[in-house]
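Q: With the input below, show me the fold.
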Amino acid sequence: MTNLVNDPRPMLARALDQTQRMIATVGPDELDLSTPCPEYDVRTLLGHLLTVVARIDRALTGGDPLEIPHITTAVDDVPTTWKERRTALDATLTDDTLLTRSCKLPWGTLPGAAAIAAYTGELTTHSWDLAKATDRIGLLDDTLALHCLPLVQQFIPADTRGGHVPFGPVVPVADDASPYDRLAGWQGRQP
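A: Predicted coordinates for the structure are as follows:
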């Protein structure tokens with residue numbers, strides 16, 4: 001039986017739920033808006049999120065996530081495609097053995113539990129990117145940011161940025177800033 005105290009799947013499910021809610025709110029008139037993630041507008045961020053959900057599933061099932069393009073394109077209905085990919089991932093997540101299985105990720109090989117935690121951080125941050133771009137910050141779950149902040153602070157170094165570590169310099173924020181502003185600032189985004 002899995003130790004539920006250390007099981008990262010519930011937080012991943014929460015991040016997936018949040019991402020799905022954010023995707024569902026995007027209208028066609030918002031696709032060309034800029035996001036805090038400099039390489040993405042809303043359209044390309046949506047395509048990247050479709051890639052992320054597919055890459056999580058691929059990594060956890062022993063495949064190479066880099067076989068999936070960085071940005072999924074030519075999708076007419078992003079919410080439906082997301083739900084299809086999410087359904088496949090949800091089925092994968094029922095297997096307790098994936099927590100200790102070795103998973104290849106774009107940035108290294110990790111046990112499944114660590115891979116799930118890393119992807120939780122990515123989804124949480126990109127949900128913020130999408131919320132910021134579309135002015136829907138109020139839809140975000142602060143619990144996710146509070147959960148992810150110490151993880152990204154531990155695993156994304158503050159001083160070695162750029163190149164292999166694809167984040168800009170840490171953006172200073174006030175100590176009493178919102179959890180998402182602190183998470184975004186640590187990852188080089190301007191809150």
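
Q: how about the residue positioned nearest the centre of the chain, secondary structure?
A: With distances taken as Cα atoms, centre = their mean, the chain has Leu123 as the residue nearest its mean C-alpha position (1.6 Å). What DSSP: H, G, I helix; E, B strand; the rest coil gives for Leu123 is helix.

Q: Skipping its backbone neighbours, what lies nearest it in space?
A: Nearest residue to Leu123, sequence neighbours excluded (Cβ to Cβ, 6 or more residues apart in numbering): Ala15, at 4.0 Å. Just so you know, the C-beta spots here come from the backbone N, C-alpha and C atoms, and that holds for glycine as well.

Q: any idea how far the one you found lies from His48?
A: Distance of Ala15 to His48, computed by Cβ to Cβ, to the nearest Å: 15 Å.

Q: ranges for the strands of the chain?
A: Under the criterion DSSP state E, the chain contains strands at 102-105, 108-111.

Q: Just the buried positions in the last one, please.
A: Going back to what we said before, that points to strand 108-111. Neighbour counts over strand 108-111 (16 or more other Cβ atoms under 10 Å) mark Leu110 as buried.

Q: what's that strand in contact with?
A: Strand 108-111 is contacted from outside by 99-103, 118, using Cβ atoms under 8 Å, 6 or more residues apart in numbering.

Q: Helices of the chain, start to end?
A: 9-25, 42-60, 78-92, 112-133, 142-155, 179-186 (DSSP state H).

Q: hmm, back to that, if I read this right, the residue nearest to the centre of the chain contacts Ala13, doesn't it?
A: No: using Cβ atoms under 8 Å, Leu123 is not in contact with Ala13; the gap is 10.4 Å.

Q: show me where pLDDT drops low in this structure?
A: Within the chain, the stretches with pLDDT under 70 are 1-5, 161-165.

Q: give me every residue that touches Gly121.
A: By Cβ under 8 Å, 6+ apart, the residues touching Gly121 are 148, 151-152.

Q: Now render the strands of the chain as CSV, adding distance to Ile23.
A: Shown next, in CSV, are the strands of the chain (distance: least, Cβ to Cβ, whole Å):
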stretch, distance to Ile23
strand 102-105, 22
strand 108-111, 26
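
Q: of these, which approaches Cys37 most closely?
A: Nearest to Cys37 among the strands of the chain is strand 102-105 (18.7 Å), distances taken as Cβ to Cβ.

Q: ok, that closest one: who's next to it in the sheet?
A: Strand 102-105 sits in its sheet next to strand 108-111 (antiparallel), going by DSSP bridges.

Q: just how off-centre is the strand it pairs with within its chain?
A: Chain-centre distance of strand 108-111: 17 Å, with Cα atoms, centre = their mean, to the nearest Å.

Q: CA atoms only: put that strand into CSV for me.
A: The C-alpha trace of strand 108-111 is given here as CSV (Å, rounded to 0.1, in the frame of the first residue of the first chain):
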residue,chain,number,x,y,z
GLY,A,108,17.3,14.1,-16.3
THR,A,109,16.2,10.8,-14.9
LEU,A,110,14.3,10.7,-11.7
PRO,A,111,12.1,8.3,-9.6
